[in-house]
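K.L.:
Make a model of this:
(2 chains)
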Amino acid sequence: MNEYQKIADLLYPNVKDYTFYLNKYKKRENVKGEVTRYAPSPTGYMHIGNFFQMFISYNLAKNTNGVFIRRLEDTDRKREKEGAFEVIEMVMDKFGIYPDEYETLNGEIKGYYGPYIQTERLDIYHSFAKYLVSIGKAFPCFCKAFENKEEILKDRETKFLDNDATEYDACRNLSFDEVKKHIDNGEKFAIRLKTSGDGIKRVTFTDLIKGEITANANAKDVILVKSDGIPPYTFCHIIDDKLMGVTTVVRGEEYISSTPVHLEIIDALGFDRFKYCHNPLICKIPENGNKRKISKRYDPEADMRYYFENGYPIESVLEYLLNLISSSFEEWRRNNPELSWKEFKFGINDITAVSPIFDLVKLNDISKNIISKMTAEEVFNNVLKWAKEYNNSWYELLLNNKDYAIKMFNIDRNIEKPRKDIYKWSSIPELYKYFYDEFYNPSSIEDYDLPNNYKCAKELLNEYLTIFDENDAKDTWFNKIKELGAKYGFAKEVKEFKKNKEAYIGHCGDVCTLIRVAVTGRTQTPDLYEILKLFGKEKIKNRFNKFYEFI
RNA sequence: GGUCCCAUGGUCAAGUGGUUAAGACACCACCCUUUCACGGUGGUAACAGGGGUUCGAGUCCCCUUGGGACUACCA
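P.N.:
I've put the predicted structure just below:
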């Protein structure tokens, strides 16, 4: 037994040989497509950039008939945020993105390559750490870690000053006896990689989005296992990805610069390298004009829960993201207006290399189109679902008279050119409240900027009530309005009015506006004919009477 | 400081050596029109700068500039 093996045994006396795990987790024989994973750490509530990356990963697996894994990377106990993983589970669930393999916090496991929670895999990591020590590619370190971020920042400043390309640790050449002395003292140890980097060597790897990247090879004795016995992301993701048979690592482009470290570890372990796909980061442009990563601290839309609270249909968010991921999505959508986004297959080459700027206006536009294609029933169900969680009074209101609500949502819908004014469910109350008597709230007629017609408003409206028939066809209905208006001095045709403005007090459109205002309290509403039909004579009469108080 | 990534209108973008430099969103105008929408037509608006290579450069190379990421016993 050589010196390295003796140290390894001293450090990890009771650990299985790493080959045990290599044998236990067999290669996936029947999977031809890409095996990808989403590996969130529960350090914050789900961020849109995080979701973006997850969504790319998911699609890559789906589009190639591969496997999509969700793995919880909970190795940073200090930064762990309670409830964060539950939010991730909830968000994925609501968006209908189901991993093929996963583990939930209440212990439900799906897949043969688990556990899928990293803190449940510590023995595995220790085996591989022991192996690296035993072949002299890693070593125990007894130095003191930095306590906080300030210390790190301060240390960084001095490092920048001398710009040393290599960073070898003081403990890298400890003998067995020296190690034993520390251990016997009861000191805790971390494991560091004994880098073969010299600050001159370079590495090249291929990124599926950016192409070939050449960078400085790692030349730091990086931490493989922290002194609390838990490895950092750097080490465990490699072992997990290997054992779980991951083929392509999809992650944010902030990881490009740490890839050389990962490569050295992979090589040291004797694994095959993975394919990499570093996706761009979603950005914002704040006041100062400089692009920056979208952040939950400043941008409410960065938190995925924003879309639930505001009631965006999940398809809207997904399609917007697809639009950012692949430039060919929009054209595909135009050519396939009826298909689900799930039918859209994009290649990895379609993914843009540029960090896109998040555009809420564009998202809203996509959302308007999606909602305009829904049936009234679908709208009703969606609004109801939203209201149940975020607007109790509207939940009651809608549920109270479902038929009425559906008829209301059906106005200007299910036609060739449907109305497109809803992009999120939370705007429904403001948009539709006047359909309910308790919210019918007209103000003084002068406030509506009508032509002079308010002088005869009451008589006209009263007479309209006598001729209104909810069974009239639209043409008949409109003709009646024209005739009635003519009696009071309104032009029957707009063109006629424009030609000879002096002869009339307004035109038939003005009569409509008056009726519209009287019955809804607004100058802007969907189709008036449909509204009147839905309301019926009695309701119209009541509203007219209330409106008279403001004349 | 160092390393890496990125660079076409306000935004998303097409473009793979020869184009009048697409399209979408937003904006503006007009048309349609009972309001608002929808729809239609048109418009404003871009290859960051400088050098090369080439008969020819948005496209290839170099430099500059600008922006971003990383540089932890975080991920």
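
K.L.:
thought A:Tyr320 was touching A:Leu363?
P.N.:
Yes. Contact criterion Cβ atoms under 8 Å: A:Tyr320 and A:Leu363 qualify, at 4.4 Å. The C-beta positions use only the backbone N, C-alpha and C, and glycine is treated the same way.

K.L.:
Give me the distance between stretch A:484-497 and the centre of its chain.
P.N.:
Per Cα atoms, centre = their mean, to the nearest Å, the displacement of stretch A:484-497 from the mean C-alpha position of its chain is 53 Å.

K.L.:
how long is it end to end?
P.N.:
One end of stretch A:484-497 to the other measures 16 Å (Cα to Cα, to the nearest Å).

K.L.:
Check stretch A:496-506 too.
P.N.:
10 Å.

K.L.:
And stretch A:436-447, by the same measure?
P.N.:
Using Cα to Cα, first and last residues of stretch A:436-447 are 21 Å apart.

K.L.:
Looking at it now, give me its mean pLDDT.
P.N.:
Stretch A:436-447 comes out with an average pLDDT of 82.

K.L.:
now swap in stretch A:241-249 and tell me
P.N.:
Stretch A:241-249 comes out at a mean pLDDT of 97.

K.L.:
does any bit of that stretch sit next to RNA strand B?
P.N.:
No. Against RNA strand B, stretch A:241-249 shows no contacts by Cβ under 7 Å from any atom of the strand, the least distance being 12.4 Å.

K.L.:
What are the contacting residues of that stretch?
P.N.:
A:21-22, A:25, A:27-28, A:31, A:34-37, A:60, A:66-67, A:69, A:71, A:101, A:113, A:124, A:208, A:237, A:240, A:266, A:269, A:271, A:274-277 (Cβ atoms under 8 Å, 6 or more residues apart in numbering).

K.L.:
same thing but 7 Å
P.N.:
With contact meaning Cβ atoms under 7 Å, 6 or more residues apart in numbering, stretch A:241-249 is reached by A:21, A:25, A:27-28, A:34-37, A:60, A:69, A:113, A:271, A:274-277.

K.L.:
In PyMOL, how would I select just the buried ones from the residues you listed?
P.N.:
PyMOL command restricting the contacts of stretch A:241-249 to the buried ones, with burial defined by 16 or more other Cβ atoms under 10 Å:
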select buried, chain A and resi 21+25+28+34+35+36+37+60+69+113+271+274+275+276+277
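
K.L.:
which of the contacts of stretch A:241-249 lies closest to A:Asp228?
P.N.:
A:Tyr21 (21.6 Å; Cβ to Cβ).

K.L.:
Return the distance of the closest one relative to A:Leu10.
P.N.:
To A:Leu10, A:Tyr21 is 21 Å away according to Cβ to Cβ, to the nearest Å.

K.L.:
again, but for A:Lys424
P.N.:
On the measure of Cβ to Cβ, A:Lys424 and A:Leu10 end up 61 Å apart.

K.L.:
of these two, who's got more company?
P.N.:
Neighbours were counted for A:Lys424 and for A:Leu10 using other Cβ atoms under 10 Å; A:Lys424 has more, 19 against 16.

K.L.:
now the more buried one: how far from RNA strand B?
P.N.:
14 Å (Cβ to the nearest atom of the strand, to the nearest Å).

K.L.:
in terms of contact, does that residue touch A:Pro313 like I think?
P.N.:
No. At 8.1 Å, A:Lys424 does not count as touching A:Pro313 under the criterion of Cβ atoms under 7 Å.

K.L.:
Report the set of residues contacting both of these two.
P.N.:
Common neighbours of A:Lys424 and A:Pro313, counting by Cβ under 7 Å, 6+ apart, are A:Ser367.

K.L.:
Residue in the stretch 351-500 of chain A with the shortest distance to RNA strand B?
P.N.:
A:Lys417 (3.0 Å; Cβ to the nearest atom of the strand).

K.L.:
Tell me the residues of the stretch 101-250 of chain A that contact RNA strand B?
P.N.:
Residues of the stretch 101-250 of chain A lying near RNA strand B (Cβ under 7 Å from any atom of the strand): A:141-146, A:149, A:152, A:155-156, A:159-160, A:163, A:165, A:190, A:210-211, A:213-216, A:222-223, A:226-228, A:232-234.
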